[in-house]
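Student: Generate a structure from the sequence data that follows.
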Amino acid sequence: VRGEHDGRWRELSASQQGEMDGAIVMLQEATNQGHINAAAFVGNIYYWGQGVAIDYARAMAAYKVGAEGGHSTCQWQVGFMYCNGLGVDVDYAQALPWIEKA
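Tutor: Numbering: from 1, shown residues only. Here you go, the predicted structure:
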């Protein structure tokens, strides 16, 4: 079944989508202020398309905030995305330091 194990959510109702949109705004504001756990949430939301369209560039931007703040999962994710060209060009020289930090 599509979406069962790939991290994507089922389609949201209009009410649920409105709540999700509001949550994303608040999480993005926290990310912009350097909150690394919020950055991890925002990265996951855009990486997996949870209530939004998949957007690897936005996911990478959020993960970088978390990674630069010391969030190990974000550090790994930044390295992984550089290795695979998700939201950025493939760049192994950028990937390796992030993976090693994680």
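Student: can you give me the helices for this structure?
Tutor: For the chain, applying DSSP state H gives helices covering 14-32, 36-48, 56-68, 72-84, 92-101.
Student: list the buried ones in the second one?
Tutor: The reference is to helix 36-48. Ile36, Ala38, Ala39, Ala40, Phe41, Val42, Gly43, Asn44, Ile45, Tyr46, Tyr47, Trp48 (16 or more other Cβ atoms under 10 Å). Yep, even glycine has a C-beta here, placed from its N, CA and C like the rest.
Student: any idea which of the residues you listed is closest to Met81?
Tutor: Taking Cβ to Cβ as the measure, Met81 lies nearest Tyr47 of the buried residues of helix 36-48, at 8.3 Å.
Student: Who are the contact partners of that closest one?
Tutor: Gly7, Ile54, Tyr56, Ala59, Tyr63, Gln77, Leu86 (Cβ atoms under 8 Å, 6 or more residues apart in numbering).
Student: closest to Lys101 among those?
Tutor: Gln77 (11.6 Å).
Student: Turn the buried residues of helix 36-48 into TSV, including distance to Glu68 and pLDDT.
Tutor: Shown next, in TSV, are the buried residues of helix 36-48 (distance: Cβ to Cβ, whole Å; pLDDT from 0 to 100):
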residue	distance to Glu68	pLDDT
Ile36	8	98
Ala38	14	98
Ala39	9	98
Ala40	12	98
Phe41	16	96
Val42	14	97
Gly43	12	97
Asn44	17	96
Ile45	19	94
Tyr46	17	95
Tyr47	17	96
Trp48	22	92
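Student: one step back: select only the buried ones of the contacts of Tyr47 in ChimeraX?
Tutor: In ChimeraX, this line selects whichever of the contacts of Tyr47 come out buried by 16+ other Cβ under 10 Å:
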select :54,56,59,63,77,86
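Student: can you list the contacts of Tyr47 in a markdown table and add distance to Gly69?
Tutor: Shown next, in a markdown table, are the contacts of Tyr47 (distance: Cβ to Cβ, whole Å):
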| residue | distance to Gly69 |
| --- | --- |
| Gly7 | 23 |
| Ile54 | 24 |
| Tyr56 | 20 |
| Ala59 | 16 |
| Tyr63 | 11 |
| Gln77 | 13 |
| Leu86 | 21 |
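Student: Lovely, talk soon.
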